[in-house]
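[1] Make a model of this:
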Amino acid sequence: MTYELEELEGHEHLVSRVKHHDGLECDACDRLNVDGYSCSECKFNIHVACTFVFDKQEIVDHPSHDGHSLKLLTTGAPDHTDPKCHLCGNNTKRLLFHCSVCQLNLDIFCIADHLLGPEYLNMPWHPHPLLCFDFGSRNWCDFCNENYEGQGYLCYRCGLRIHEKCVVELQEITQHPSHVRHPLKLLTSGAPNYTNPRCHICGEDTGNLLYHCDICKFNLDLQCAIKSSPPVALSNMKVHEHTLTLMPKLISFVCDACGTKGDRSPYICVQCDFMTFHQKCARLPRVIHVNHHDHRVSFKYPLGPGDWRCGVCWDEIDWSYGAYSCSLCSRYAIHSLCATRDDVWDGEELDGVPEEIEDIEPFKRNDDNTIDHFSHRHNHMSLDKGGEESSFCKACAHPIGSSSSLYKCSECSFILHETCANLPMKKRHFLSPQPLTLSYHRLQRRWGVEICEACQQIFCKGFIYSSYLEENFDLPCSSITVPFIHGSHDHHLLYLKLENGNVKTCQGCGIDEKRVAIGCTKCNYFLDFRCATLPLTVTLSRYDDHPLTLCYGDEKASGKYWCDICERETNPKTWFYTCNDCGVTLHVLCVVGDVRYAKPKAMIEYYIELLSNNSSSRPFCHNCYCRCPGPFILRIRKQHDAHLGGEYYIFFCSYYCYIITKSKKEYSKIKLRCPPWRSGHQSQLMELQNDQ
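    Have a look, this model is predicted:
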């Protein structure tokens, strides 16, 4: 995985910083998995410790080759020369020094003594000579894993870097609780190749510095050896009543707490026929709240006979192992590892904490027909049937149909669908490990743009769900439940939090999603939240009285299709709306637009007004100069202009077109879909995304 570009002193191109877990193979030496840089222009990788070669591109006075200059090559030894180093006989890598007159090749280790001078030190705890040097911002100490400046030691043979102050903490360990039989030796050049290179206790990469027993082939990293060694015994654990003892060795086992395999150093219970636990699972909480369920869940071992499926991943649970279950819902259970994920559990242990009954009712009921709702200042909203054609629900901003049940205020025009009025004040949802709270006034009282954290669309006034962490979710996204059944796919879809550069392509729009998605991993089928929450049917009175149906695309379709609203080509492989009576095809964005909770006269920020795009003459967009095809027009009032005879308005076909005219900094705050009605938009979008 690559990171942002930066300059590398002495190198002509920008390089990307890469971390040790990215599998970097250095083109200057033989070492693997060390922090370094990657250059896409030169197609090479280099460790931080090897970057000294760029300090001098040409050497004219090297003692091993007097009279001719040696030049740095980054593409390997020339084909007509011997690729071996002419001094040490080892194979050279892509970075080497070469004499074009004598066809001489030298690797960077043989050149290092001349480049850096004779000031090497021999330390008893390291087999190679060390160079005193000052740590900079790009050098990390292998002991403390920090890069603060200071005096230290560097080995160009094996890449060891260590602060001078850290050396005093390095010592032989005569006896360690995790390995009491033999003393442990300090190694500074990595784990021996005859052993498992990862720590035998925690499984992390040991790196250059580690403690080793050559009798047992036992490796211990610095974290487990010095900084936070795991206790030999654990008592009073939440998941088991007996004392658990650490077994510090490589051993295959199945954890009784979670039912998954392990390969090293479990905790065991001698009293219970050697029950085994992962080190992390031995510390599992007993009672927790998860965001996939309304009630508390408790750890239970064994879960007990039955056909159990996990409420998070929906895979089968082996009932002979431990899991979390709900005492109120008899068939609800969750895998131990699923229940304690960071995006599922809020991290609070509730064992012994009395459960408070939360008031989730959004209103006070006066009688069978009137309520006092939290979102409205007037009392006694009455239950009614149907509303005027021009009225909109204050919660979801959808029109009030003639057959809808609604709550209506007798003193003003405040109207709520009955279903919207009954939305709970608090709920738990998989989108956030924190509880979500229903809010209305929060949006009404704030100027600026609010976006849904799930679908990344902006919304105007209306009901939203918010977490303690200031995350906002609109009603369509926060109403999705898992497993999610969607007509576009035969299997149920599950929530996926995308991390570590994981990208999924949405089957609805073909756009890559990098944050969250709904999907079926078995079929490699994924939807982003915007497409997952699209209405299945829509009626556009401005276009046609017939209902429009969401069509899920046809990969076998041939020929061209055209949108009857913007009169531009549609892609039959992505989703579109169609009319079964008229046979027309329409872009999704031409039908629903790119603003949630959109209704006439609504305001975005404090100066952008939404107008219905239902007049016979549609205005031109101020950005793309196309006639506005979407359901709403964004209108902005401009101040007096002498040439235009006073105040005037400018129009935008979408919020995308408005934000694209602003600075790149403003665009970076909000990620919007490129409207399909102008091909030039896509190039603008890619330009801005590449700049972020």
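[2] leaving aside the residues next to it on the chain, what's closest to residue 526?
    In this structure, residue 526 finds its nearest non-sequential neighbour in residue 519, 3.5 Å apart by Cβ to Cβ, 6 or more residues apart in numbering. Where you see a C-beta, it was placed from the backbone N, CA and C, and this is true even at glycine.
[3] thought the one you found was touching residue 531?
    No - applying Cβ atoms under 8 Å as the test, residue 519 and residue 531 come out as separate, 11.3 Å apart.
[4] that older thread, tell me, how many residues neighbour the residue nearest to residue 526?
    24 (other Cβ atoms under 10 Å).
[5] dump the residue contacts of it.
    493, 494, 496, 504, 525, 526, 527 (Cβ atoms under 8 Å, 6 or more residues apart in numbering).
[6] my read is the second one is in a strand, agree?
    Yes - secondary structure assignment places residue 494 in a strand (DSSP: H, G, I helix; E, B strand; the rest coil).
[7] can you pull the contacts of the spatially closest residue to it that is not a sequence neighbour?
    Leaving aside its sequence neighbours, residue 494 sits nearest to residue 482 (Cβ to Cβ, 6+ apart; 5.5 Å). The contact partners of residue 482, by Cβ under 8 Å, 6+ apart, come to 292, 312, 314, 430, 492, 493, 494, 495.
[8] Relative to residue 618, which of those is nearest.
    Comparing the contacts of residue 482 against residue 618 with Cβ to Cβ places residue 493 closest, at 36.8 Å.
[9] Hmm, the closest one is touching residue 483, no?
    Yes - Residue 493 is in contact with residue 483 according to Cβ under 8 Å; the separation is 6.7 Å.
[10] The two: who's more crowded?
    residue 493 (24 against 15).
[11] Report the separation between that one and residue 519.
    6 Å (Cβ to Cβ, to the nearest Å).
[12] Over to residue 253?
    The value you get for residue 253 to residue 519, if Cβ to Cβ is used, is 32 Å.
[13] Then residue 249?
    Residue 249 is 40 Å from residue 519, by Cβ to Cβ.
[14] what about residue 271, how many neighbours?
    12.
[15] That one and residue 593: what is the separation?
    For residue 271 relative to residue 593 (Cβ to Cβ), the value is 65 Å.
[16] Name the residue closest to the centre of this protein, please.
    Centroid-nearest residue in the chain, with Cα atoms, centre = their mean: residue 499, separated by 3.1 Å.
[17] Now do the SS call for the residue nearest to residue 526.
    Residue 519 ends up strand, using three-state DSSP.
[18] Excluding chain neighbours, give the residue nearest to residue 468 in space.
    Nearest one to residue 468, counting by Cβ to Cβ, 6+ apart, is residue 434 at 4.8 Å.
[19] Just give the number of residues close to the one you found.
    So residue 434, with other Cβ under 10 Å, has 16 neighbours.
[20] Who are the contact partners of it?
    291, 346, 467, 468, 469, 471.
[21] Which one (most neighbours) among those residues?
    That'd be residue 291 among the contacts of residue 434, by other Cβ under 10 Å, with 23 neighbours.
[22] starting at the chain centroid, how far to stretch 536-553?
    34 Å (Cα atoms, centre = their mean, to the nearest Å).
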